[in-house]
Every structure is written in C-alpha cells, then in structure tokens.
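Novice: got a structure for you, letters missing:
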C-alpha cells in the first residue's frame, strides 16, 4: 500500500466555485447510471449502486445510492468506480453525501484511488468515515459536502476513483451526488476547515523482521486506538487504547510469533480511521 497523506476538508465555498476550475470529471446522476462507470457487488448479495428516482435533498432530482437494508438486512461491500481520468496538479475530489434515514444512523464508506485498474485489489484507500445523524446531518436526505485533496504523488497520472460502501449492516442507504474531480484549484487556507488532528506517519522498517516502529502524530490530546490486523481482517494485537498528549508517538510492534505476510495497522481517533499496510518477511 502506498504511503499517502490526504487532507480531508469541509469546503466552505460553494461547489460552483470549484467547478470554475479545470473540471476533469463531473457527474450529477440525473440521466441514469452514467456510461463508463462500474458498479461492483463485491459481497455477492445481488444489491449494488443504483440510481435513486426520489428527491436527493439538493437541487437535483436524482442521486446514486447503495443499500445496507433492502427488504432485509444486508452487509454491503459495494464499489462505485469512475472511468479513467488523467490528473493534472492540485487535484481535488468533491461530492455530496447523505444517509437516507436518520433513524438508522450508521453508514460507513471509503474513497479509493487506483493507477493500475478497476479490480477491487487495485485500489488504495484515501479516506473513510461513518455517517451519523448526530455528527453529519439533522434530517433525512440532508447532504453534506466532502472535499478530498488528492496526494501530489498522483499528479499527472491516469487514475480511477472509487467509493466503497461497507462495514455497516441493516441500517438503510448511503447516497452520493454532484461528484466533481477538478485540477488547478487554489486552496486558500481561510476557505477550508481541516479537522484532521491525527496523522498516521507509517512504519519503519517496512518490510520488517520481526520488529518495526509505527509512528503517528497528534495535534491535540486524543483518545486513540492503534491495532494490527492480518490479511483476513482478524485482530492480531491491540497496541494502544488510551488518551495521549499531542506530539509524535512511536510504538514498537513485535511479530516474533507471526508468519510472513501482509499485515495492516489501523489508527482510530475522533471519528477518523486510517490504515496502512506492512510486510513481514522471515
């Protein structure tokens, strides 16, 4: 997994201002499922991303949605993948997101990027969050604007973007609308609020045998959880679950009794969740 640093922002200026720049991809889903896009039902339950014909809570009459409840409890793993787009510099992805029903307030999703193809395994996580009525919206269908600054390592490269709806069971629906990928944006500091108070810096060495140091930075005193998982998503070890002071922290992980392979370490704090990959070679 590439080491990516993503600035997750809430855009205060209007979305139309972003569209005045060099728009690379724009989709409002008003004309049905768009040509060149892919919907992958990765969990095989027969349900995937589809166009909603009802009002989406903004100026449009349609949006695209993925269900975690549809006549029964679902545990979705649904991928919505854009056509290939060639980025320039100062690339920004903006979109509207909502949960359908605040009585069931827990829809989890992630934003991904791929340079190599449209297989699920090709994608790298940029950002993920759990939408809740308490933290994200006050009424059903009320959309929130999300803006992701694409890491500079992807500048001038051809990529696919993806939105993955997953890690939620039997809630209701996740809605996406007015997606815009643009380049050449001038990000003025006073136009953005950057809520990111935690940075997962990576681990060294990587690959490792059997010890490695995981580093992360806290800009404020935070209660954090740092855990290691195997390739099947099974918990290997909880390294930290406590309140820590601001600053850079380093945690040792010893894999003496583990087999060679890919492992993931996940840092959670203040509603943020960051994951990176490490390789144990014995």
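Specialist: Cool, got the structure. All values reported here derive from a predicted model rather than from experimental measurement.

Novice: okay, CA-based contacts and neighbour counts for the rest of this
Specialist: Fine.

Novice: pLDDT weak spots in the chain?
Specialist: Applying pLDDT under 70 to the chain flags residues 1-21, 53-61, 101-105, 133-141, 169-170, 185-197, 270-271.

Novice: tell me which residues of stretch 39-48 come out buried.
Specialist: 39-42, 47-48 (16 or more other C-alpha atoms under 10 Å).

Novice: just the strands from the stretch 51-200 of the chain, written as ranges.
Specialist: 63-67, 77-81, 85-86, 92-99, 107-114, 124-131, 144-149, 158-166, 173-183, 192-193, 198-204 (DSSP state E, counting those that start in this stretch).

Novice: ok, back up a step: looking at the buried residues of stretch 39-48, which is nearest residue 228?
Specialist: Compare each of the buried residues of stretch 39-48 with residue 228 using C-alpha to C-alpha and the shortest gap goes to residue 42, at 23.9 Å.

Novice: shouldn't that closest one be in contact with residue 49?
Specialist: No: Residue 42 lies out of contact with residue 49 (C-alpha atoms under 8 Å); the separation is 11.2 Å.

Novice: what about residue 63, neighbour count?
Specialist: By other C-alpha atoms under 10 Å, 27 other residues sit near residue 63.

Novice: scratch that, residue 160
Specialist: Neighbours of residue 160 using other C-alpha under 10 Å come to 22.

Novice: identify the residues contacting it.
Specialist: 81-85, 113-115, 117-118 (C-alpha atoms under 8 Å, 6 or more residues apart in numbering).

Novice: quickly list what it is bridged to.
Specialist: Under DSSP bridges, the beta-bridge partners of residue 160 are residue 114.

Novice: still on that earlier bit, overlap in contacts of residue 42 and residue 49?
Specialist: 78-79.

Novice: filter the contacts of residue 160 down to just the buried residues.
Specialist: Judged by 16+ other C-alpha under 10 Å, buried ones among these: 81-82, 84-85, 113-115, 118.

Novice: thinking again about what came up before, reformat the strands of the stretch 51-200 of the chain as CSV; add distance to residue 31.
Specialist: CSV is the format used below for the strands of the stretch 51-200 of the chain (distance: least, C-alpha to C-alpha, whole Å):
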stretch, distance to residue 31
strand 63-67, 10
strand 77-81, 16
strand 85-86, 20
strand 92-99, 17
strand 107-114, 23
strand 124-131, 26
strand 144-149, 21
strand 158-166, 19
strand 173-183, 12
strand 192-193, 31
strand 198-204, 39
